[in-house]
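Chemist: Could you work out the structure for the sequence below:
(one chain, ligands or ions: 1)
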Amino acid sequence: MKGRPPIDDGDAEVIAAIQARPPYRAIDRAFVARVLTFVSRPGMKAEDRVRATRARLHQTVGAYRGSARILEDAIVAIEDAARANDPSAVDAACRAAMRWHASTRERLPTIDTFLTWALPAGERVGSIVDVGCGLNPLWLGLRPRRGGPRYRAIEVDDAIGRAVARVLTALGVDATISGEDVTAPNWSVGPEIDVLLLMKVLPNLEQVESGAGTRVLRANRARRTIVTFPGRSLGGSAKGMFRTYDAWFRRAAEGMDGSIETRTIGEELCFRIDAPTREGG
Ligand SMILES: C[S@@+](CC[C@H](N)C(=O)[O-])C[C@H]1O[C@@H](n2cnc3c(N)ncnc32)[C@H](O)[C@@H]1O
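Modeler: This is a model prediction of the structure:
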């Protein structure tokens, strides 16, 4: 972590204070520690470090979620529908649950158009990695596929991670869910995969550390990468966001191999990067 002080015993106390409140308790501790180092300045008082870290965690994680009770009820509804083996009830319950997280709620009116563009029916998809997934993996309840993809969902908010794990188990998806912080210096997607989803997440990573979004984008070895950006801030302002994100993405993706297709779908700016086909593949 360039130029940043290591975590010491004092930091452990500050981290415990940050995580003493419920919304912060569910966030991956290593991620909390990282955010703490980035917001800390020499001579800062412990209570100011707690406040500044919580503010940044709210901005990048907490601001998107609803109440735990509502999420629980929504997940139980999906589990009941899956147990009853009723695909249209599963579809309806997954759409209803997606309203809980601001990112999927915004996408709901155009989610079918989005899925048809990003993952056309008939294409073979063996593996998907969904970074900063929120409740996005619930789209699998809208597109049941026999022998569907292996799904790796990554989310620093453990409350969301546990909910996603329950849904994917109920849907019978071969999935792993992890709370890893993808801004950690040596994070990479891992072995070759078919589809990497970086949906509305790169700006959050840049909020933690400038350059982290670019690093994650370029650490990928996927056959297809879907990158999206929100058209509005959580407060509702749309001022020039598409232009800003379009310019940011083109800078970050400069020199990357493959073809890039751009679409605006609903209120989301979307890029689909298809890697060059491998010889003999
Ligand atoms: C704007 S939301 C997008 C959610 C989802 N990708 C979608 O488009 O529906 C960003 C999500 O990334 C998660 N997140 C933020 N920073 C992260 C990090 N460093 N590592 C993994 N997940 C992160 C947040 O908790 C939040 O759920």
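Chemist: from here on, contacts and neighbour counts on C-alpha atoms
Modeler: Fine.
Chemist: Write out the residues of the stretch 1-150 of the chain neighbouring the ligand.
Modeler: Thr60, Val61, Ser103, Thr104, Gly132, Cys133, Gly134, Leu135, Asn136 (C-alpha under 6 Å from any ligand atom).
Chemist: Tell me the residues of the stretch 151-281 of the chain that contact the ligand?
Modeler: Applying C-alpha under 6 Å from any ligand atom, we find that the stretch 151-281 of the chain lies next to the ligand at Ile154, Glu155, Val156, Asp157, Asp181, Val182, Thr183, Met199, Lys200, Val201, Asn204, Leu205.
Chemist: isn't there a strand covering Arg224?
Modeler: Yes. Under DSSP: H, G, I helix; E, B strand; the rest coil, Arg224 falls within a strand.
Chemist: number of nearby residues for it?
Modeler: Arg224 has 24 neighbours, counted by other C-alpha atoms under 10 Å.
Chemist: Roughly how far does it sit from Ser188?
Modeler: Separation of Arg224 from Ser188 (C-alpha to C-alpha, to the nearest Å) stands at 16 Å.
Chemist: How about Asp130?
Modeler: Distance from Asp130 to Ser188, by C-alpha to C-alpha: 13 Å.
Chemist: More neighbours: which of those two?
Modeler: Asp130 (21 against 16).
Chemist: Please report phi then psi for the more buried one.
Modeler: With angles defined as degrees, to the nearest 10, Asp130 sits at phi -120, psi 110.
Chemist: what's near enough to touch it?
Modeler: Neighbouring residues of Asp130 by C-alpha atoms under 8 Å, 6 or more residues apart in numbering: Pro137, Tyr151, Arg152, Ala153, Ile154, Leu196, Leu197, Leu198, Met199.
Chemist: now do Arg54
Modeler: Arg54 touches Ile18, Tyr24, counting by C-alpha under 8 Å, 6+ apart.
Chemist: Now it: which helix or strand?
Modeler: Element membership of Arg54, judged by DSSP states H and E, is helix 46-60.
Chemist: List the buried residues for that helix?
Modeler: Ala46, Arg49, Val50, Ala52, Thr53, Arg54, Arg56, Leu57, Thr60 (16 or more other C-alpha atoms under 10 Å).
Chemist: Nearest to the ligand among the contacts of Asp130?
Modeler: Comparing these against the ligand with C-alpha to the nearest ligand atom places Met199 closest, at 4.2 Å.
Chemist: Could you give the bridge partners of the residue nearest to the closest one when sequence neighbours are not counted?
Modeler: Sequence neighbours aside, Thr228 is the residue nearest to Met199 in space, at 4.7 Å (criterion: C-alpha to C-alpha, 6 or more residues apart in numbering). Beta-bridge pairing of Thr228 under DSSP bridges involves Met199, Cys270.
Chemist: Ends of stretch 204-220, what's the gap?
Modeler: Span of stretch 204-220 from end to end, C-alpha to C-alpha: 18 Å.
Chemist: What of stretch 153-162?
Modeler: 11 Å.
Chemist: Quick check: mean pLDDT of that stretch?
Modeler: In this model, stretch 153-162 has an average pLDDT of 95.
Chemist: And for stretch 56-68?
Modeler: 87.
Chemist: Name the surrounding residues that touch that stretch.
Modeler: Contacts for stretch 56-68 (C-alpha under 8 Å, 6+ apart): 23-24, 32, 35, 100-103, 156-157, 159, 204-205, 207-208.
Chemist: okay, among these, which ones form the most distant pair?
Modeler: Spanning the widest gap among the contacts of stretch 56-68 are Val35 and Trp100, at 24.9 Å by C-alpha to C-alpha.
Chemist: quick check, distance from stretch 175-195 to the centre of its chain.
Modeler: 11 Å (C-alpha atoms, centre = their mean, to the nearest Å).
Chemist: What's the end-to-end length of that stretch?
Modeler: End to end - C-alpha to C-alpha - stretch 175-195 spans 14 Å.
Chemist: Stretch 196-216 too?
Modeler: End-to-end distance (C-alpha to C-alpha), stretch 196-216: 11 Å.
Chemist: Which positions in it come out as buried?
Modeler: Those would be 196-209, 212-216, for stretch 196-216 by 16+ other C-alpha under 10 Å.
Chemist: if I look at the spatially most central residue of the chain, how far off is Leu142?
Modeler: Centroid check for the chain by C-alpha atoms, centre = their mean gives Gly132 as the closest residue, at 1.8 Å. Here Gly132 is placed at a distance of 20 Å from Leu142 (C-alpha to C-alpha).
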